[in-house]
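# Please work out how this folds:
(chains A and B)
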Amino acid sequence: MRSVFGNGRLSVVVVALAVLSGCSVSGLQSVKVEERSLEAGNKISRSVGAAQSSAEVTALKVRPKFKASNASGENLNTEVSVQAKAPEVAVSVQKPATVALLNTANYQTNSGNLKAAQASLERALRISPKDPEVYQSLGEVHRQLGEFVQAEQMVLKGIAVGAGQSVKLRRLWSALAKIRSQAGDAVGANKAFAKSQSY
Amino acid sequence: MASRKKMPKKAAQSKKSNKSNNKSKKYKLWRWFLSFTLKLSIILMMFGAIGLFYLDAQIRQKFEGKRWSIPAKVYARPLDMYSGLEISIADLKVELKGLGYRFVKKATQPGQAEIASTRVKVYSRGFEFSDGVEVSQLLTISFKDGAISAISAENGSPISITRLEPILIGGIYPKNNEDRDLIRLTQAPRGLVDALIAIEDRSYYQHFGISPKGIARAMWVNLRVGRFVQGGSTLTQQLIKNFYLTSERTLIRKLIEMPMAIVLDFRYSKDEILEAYLNEVYLGQEGARAIHGFGLAAQYFFARPISELQLHQVALLAAMVKGPSYYDPRRRAERAKERRNLVLKVMAENGDISEHEYRQSILKPLGVVRQKSLHKGAYPAYLDLVRRKLKQSYNDEDLSSEGLRIFTSLDPIAQAKAEKSLSDSISALQKKYGKKANDLEASMVVTDPQTGEVLAVIGGKSTRYQGFNRAIDAVRPIGSLIKPAVYLTGLQRGYNLATMLEDEAVSVPIEGSAPWQPRNFDKKSHGNVPFYLALAKSYNLSTARLGMELGLDNVIKTIHKLGISRQIKKYPSLLLGAQGMTSLEVATMYQTIAANGFLMPMRAIRSVTDNKGRELSRYSFKVEQVINSQSIYQLQYAMQQVMSVGTGRYANAKISSKIGLAGKTGTSNDQRDSWFAGFSGNKLAVVWLGRDDNKSLPFTGSSGALRVWTAYMQSESLQPLQPAVPEGIEFAYIDSTTGLSVDPGCEDSQRMPFRSGDSPIYSDDCGTNSSTVPKGNQSNKAPSWLERIFGN
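Numbers count the residues shown, from 1 in each chain, chains lettered A, B, ... in the order given. The predicted structure is shown next:
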């Protein structure tokens, strides 16, 4: 059987893609991302070290369903390769309605009204189902609700729709790292963090 | 009177002189009689007091407790409106019609709308959603290029997002089938109470529960015409009759009615009693469903809330109280109009309305909407789905009595479009195939592939018929609709879109039975065909070989992963769709493909609230990645090829290729079932055509169901299927006869996706001289399934 991933030609592809990628990161946003991923990084080290016992309790309840590969040999390889990047795509402008709902949801999340935030985000989802930010926010709500499996899945969906948007992907992967570390999956968290740093 | 009064006196005088000897005897008798009467009346009074006490308790219990069982109300999705929403003015009009808006020159109150060529003004009614209140306001909605370009409030400030109130699509009724919408007295429009009092009980605010004057007048009328025409019942008595007593016409009932009316009147205020009356009164019948109360009657006859009714409409409702079926405005329009005008006349005589208003109102038509245009009862198949889901978490009693509110994701606009596409296409098919297409039945499911919400369900050709729900209950062989699952299994296990498959005769031995020997639809074999083309052209031989190579267990595993929970029989014929499924299951399976490998529960219900709007349960959006993005991305490409070069070409001739539709045809053995399932970026639809008696059809999936599907997709504003290119995908130009990677300039070369590093071997001569396919690109997985079966 031929190996499906990773042969010598990958590096050529990566170089080509790097040339292809047009959209550059805007300064303001990248600062934000930096902060967030640092925070996520701290979380990981903490969960590995001091807060291990509490992490274990959560881990008993929630085992991340998602694995890099499963028993039957079919690969779920979303994070197999750190190098392989999809061509950068133009980010479409958000609809004002989506922005408004995301803002409402953000406010609701911050004031602890998670169920309401979820409702607002589902409305946003119906309007902009290909906006990675909506999934990231939904993931955040699920994380705060302690629903780590759903939180992870939401972010993964965001990663799927956000392929080619490196700014968003960086945020999504670091959000995933945060979720995984909180769920007690230190290895997965580290992988996600490393991935976030590759954008 | 005066002379009659004197008579006994004279008689007594004459008796006194004549019969003095009887005096003592009579006195005794008199005394006995008096004491008897006294005792009797004490006993009677005691009984009466106990009786009254009992009645009082009865009355209070019912009047102050839960008066009615309120059926659960089922709502369609509220229409979210925002700039960028793709909707035509015509579609918005459909929605507004469904909500009973009046189209006027100038919208001045809730429930009115003005339609212009590029702008619509809507005076919304407002609604209390569980996640917030939408206030009633005048919205100006501007349109440009088939979409909303801006929405502004009355003061001109822009509105980023707002939603209309949801259309009520049905209810879940108690055993007695009573349906009602409760209203408060304050919601009753001007004139309703006046009209009722004028025609039914003129002295309502003066009498004490019963009206001796009224009874006397009724008697007088009855005497004059010589038969029983008036009962002289007050509104209070009518309420008692309906509320507390059985409908039997017995004397005891009649006797108990009066004291009860008096007690009720004594206990409660006139307004409280009137409010109960407004909600209790019986006003019509729709099949088994009994229409009670003015709130529901307003919806049932005029399709709008009671507060928005006009004088002549209010008068009609008041007119019908006397005999809802005798004065049924839909079947007995003349009679109803006559009585309506009588009500108006009495109102004018009483001074409730002006002479001018009277003359204006009697000229108006009845204004009753056609029963068919009502949304309640228009979605039996969808409601069936909702009901089944609800039964998993609620008991019948609560559903039919607690006034729950159920918010579904039904999209009435999509449902209307689906119904029209189905009926138009079926008539076209029947025209084309004549008798052979008789007794055709159908089912259809439409979903939003991005959210997993069910938007529309059709359970049969007669879409309003509440019967066998084929979308949920008809399990039919799905034919080639199964093939994407087979090819997906291949993509996950090392095949790529350009892998050459052998489309040659195949025979699979089956223990204790004749071998399985599938054939192609055209009864030919096609030699070596690339993977994607075998799916696009729906070749059976190559699919059977591929499936056997992959192993039935692995294919079945994929089917389950895609969301099918039913048990799947492990027969080789499974590979060509011998397995039966419902349209809804097929939708689930294709949904997972459309959503890039993320399984989402199919949702028909968004949330359930109690009668005060507090949320009881929510069915929220959930996802689970079950198939890797790369495999799904390639499969979607192959399914797009179905539409551009394969069995789905019919649709591409009608719908712009920019949409990039993806789908698959399905035809079962002997053409008993005609299927099509496919999706764009924002709509997924599954269509089944077939006969209940399982006889053959004169058409296949592509000449039957695909027609319906295309008609539907054409009527929707579609968003392109443009999945983001996942990481780990590269593109190569492929020669479609050899499956080799070639130069983009080569004739018949096609750009398609591969896993990074997995694109085929490059041929520098456009693949022309390669008489044999290079080894690395052949389906030479060892050991082959034949070897596995027989050993080497």
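# so what's B:P71 up against?
B:171-174, B:178-180, B:399-401, B:403 (Cβ atoms under 8 Å, 6 or more residues apart in numbering or on different chains). (Glycine included, C-beta is placed from N, CA and C.)
# got a winner among these for most neighbours?
Counting neighbours by other Cβ atoms under 10 Å in any protein chain shown, the top entry in the contacts of B:P71 is B:D179, with 26 neighbours.
# about what we covered before: mind checking which of the contacts of B:P71 are in helices?
B:399-401 (DSSP state H).
# Chain A: which of the residues you listed is nearest?
B:L399 (22.8 Å; Cβ to the nearest Cβ).
# That closest one against B:A72, yeah?
Yes. Counting by Cβ atoms under 8 Å, B:L399 touches B:A72, with 4.8 Å between them.
# Are there residues contacting both of these two? Which ones?
B:172, B:390.
# in the helix or strand that contains B:L255, what's buried?
Per DSSP states H and E, B:L255 falls inside helix B:251-267. Within helix B:251-267, the residues that count as buried by 16 or more other Cβ atoms under 10 Å in any protein chain shown are B:256-265.
# Which of these sits closest to chain A?
B:L264 (43.8 Å).
# From the contacts of B:P71, which land in strands?
Taking DSSP state E as the definition of strands, the contacts of B:P71 contribute B:171-172, B:178-180.
# how about the residues you listed in JSON lines, adding pLDDT?
Formatted as JSON lines, the ones in strands among the contacts of B:P71 follow (pLDDT from 0 to 100):
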{"residue": "B:G171", "pLDDT": "86"}
{"residue": "B:I172", "pLDDT": "85"}
{"residue": "B:E178", "pLDDT": "83"}
{"residue": "B:D179", "pLDDT": "86"}
{"residue": "B:R180", "pLDDT": "85"}
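# Most widely separated two among those residues?
The span of these, defined through Cβ to Cβ, is set by B:I172 and B:R180 at 13.3 Å.
# Centre of the chain to stretch B:500-510, how far?
The chain centre lies 46 Å from the centre of stretch B:500-510; the measure is Cα atoms, centre = their mean, to the nearest Å.
# do the same with stretch B:605-623
17 Å.
# same deal with stretch B:608-627?
18 Å.
# Now do it: distance from first to last residue.
Terminal residues of stretch B:608-627 lie 32 Å apart, using Cα to Cα, to the nearest Å.
# Tell me if that stretch is near chain A.
Yes. Residues of stretch B:608-627 contacting chain A under Cβ under 8 Å from any Cβ of the partner chain: B:615, B:618, B:620-625, B:627.
# List the buried residues of that stretch.
Quick answer for stretch B:608-627 (16+ other Cβ under 10 Å): B:608-609, B:615-616, B:618-627.
# Just the pLDDT for residue 29.
This is for chain A. For A:Q29, the pLDDT comes out at 34.
# My question was about chain B, not that one.
88.
# So what's the residue count around it?
Neighbours of B:L29 using other Cβ under 10 Å come to 11.
# quick one: contacts for it?
Contacts of B:L29 (Cβ under 8 Å, 6+ apart): none.
# Helix, strand, or coil at it?
helix (DSSP: H, G, I helix; E, B strand; the rest coil).
# Let me see the ranges of the helices in the stretch 251-400 of chain B.
B:251-267, B:270-280, B:293-302, B:311-320, B:333-350, B:355-363, B:380-391, B:396-401 (DSSP state H, counting those that start in this stretch).
# about what we covered before: contacts with chain A among the ones in strands among the contacts of B:P71, please.
Applying Cβ under 8 Å from any Cβ to these, none is adjacent to chain A.
# okay if I get those residues as a markdown table plus distance to B:S269?
Formatted as a markdown table, the ones in strands among the contacts of B:P71 follow (distance: Cβ to Cβ, whole Å):
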| residue | distance to B:S269 |
| --- | --- |
| B:G171 | 30 |
| B:I172 | 33 |
| B:E178 | 25 |
| B:D179 | 27 |
| B:R180 | 22 |
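# which residues in chain A form helices?
So, for chain A - with DSSP H - the helices run A:10-20, A:27-48, A:52-61, A:96-110, A:114-127, A:132-144, A:148-161, A:166-182, A:186-197.
# What are the buried residues along the last one?
By neighbour count on 16+ other Cβ under 10 Å, the buried set for helix A:186-197 is A:186, A:188-193, A:195-196.
# Tell me the helices and strands packed up against that helix.
Helix A:186-197 sits against helix A:27-48, helix A:166-182, with contacts defined as 3 or more Cβ pairs under 8 Å, 6 or more residues apart in numbering or on different chains; DSSP states H and E.
# doesn't B:F679 make contact with B:Y590?
Yes. B:Y590 lies in contact with B:F679 (Cβ under 8 Å); the separation is 6.5 Å.
# residues bridging contact with those two, i.e. touching both?
In contact with both B:Y590 and B:F679: B:P449, using Cβ under 8 Å, 6+ apart.
# Okay, now the unreliable bits of chain A?
Confidence mapping of chain A against pLDDT under 70 gives the ranges A:1-86.
# can you rerun that using 50?
For chain A, the stretches with pLDDT under 50 are A:1-82.
# what's stretch B:45-62 in contact with?
Contacts of stretch B:45-62 (Cβ under 8 Å, 6+ apart): B:243-244, B:256, B:259-260, B:263-264, B:267.
# swap the cut-off to 6 Å and go again
B:260, B:263-264 (Cβ atoms under 6 Å, 6 or more residues apart in numbering or on different chains).
# of those residues, closest to B:G126?
B:L264 (34.9 Å).
# Surely B:L283 touches B:R289?
No. Using Cβ atoms under 6 Å, B:L283 makes no contact with B:R289, being 11.8 Å away.
# So between these two, which is more surrounded?
Legend: neighbour count by other Cβ under 10 Å for B:L283 and B:R289, higher for B:L283 (21 against 18).
# can you tell me how far the more buried one sits from chain A?
Distance check for B:L283 against chain A: by Cβ to the nearest Cβ, to the nearest Å, it reads 37 Å.
# helix/strand/coil for B:G663?
strand.
# For it, the count of nearby residues, please.
28.
# where does the spatially closest residue to it that is not a sequence neighbour land in three-state SS?
Nearest residue to B:G663, sequence neighbours excluded (Cβ to Cβ, 6 or more residues apart in numbering or on different chains): B:G678, at 2.1 Å. Following three-state DSSP, B:G678 is assigned to strand.
# B:G678: what's it in contact with?
B:661-663.
# what do you get if the cut-off is 7 Å, keeping everything else the same?
The neighbourhood of B:G678, defined by Cβ atoms under 7 Å, 6 or more residues apart in numbering or on different chains, consists of B:648, B:661-664, B:685, B:709.
# Check the gap between it and B:T665 for me.
Computed as Cβ to Cβ, to the nearest Å, the B:G678 to B:T665 distance reads 9 Å.
# likewise B:R405?
Per Cβ to Cβ, B:R405 is found 41 Å from B:T665.
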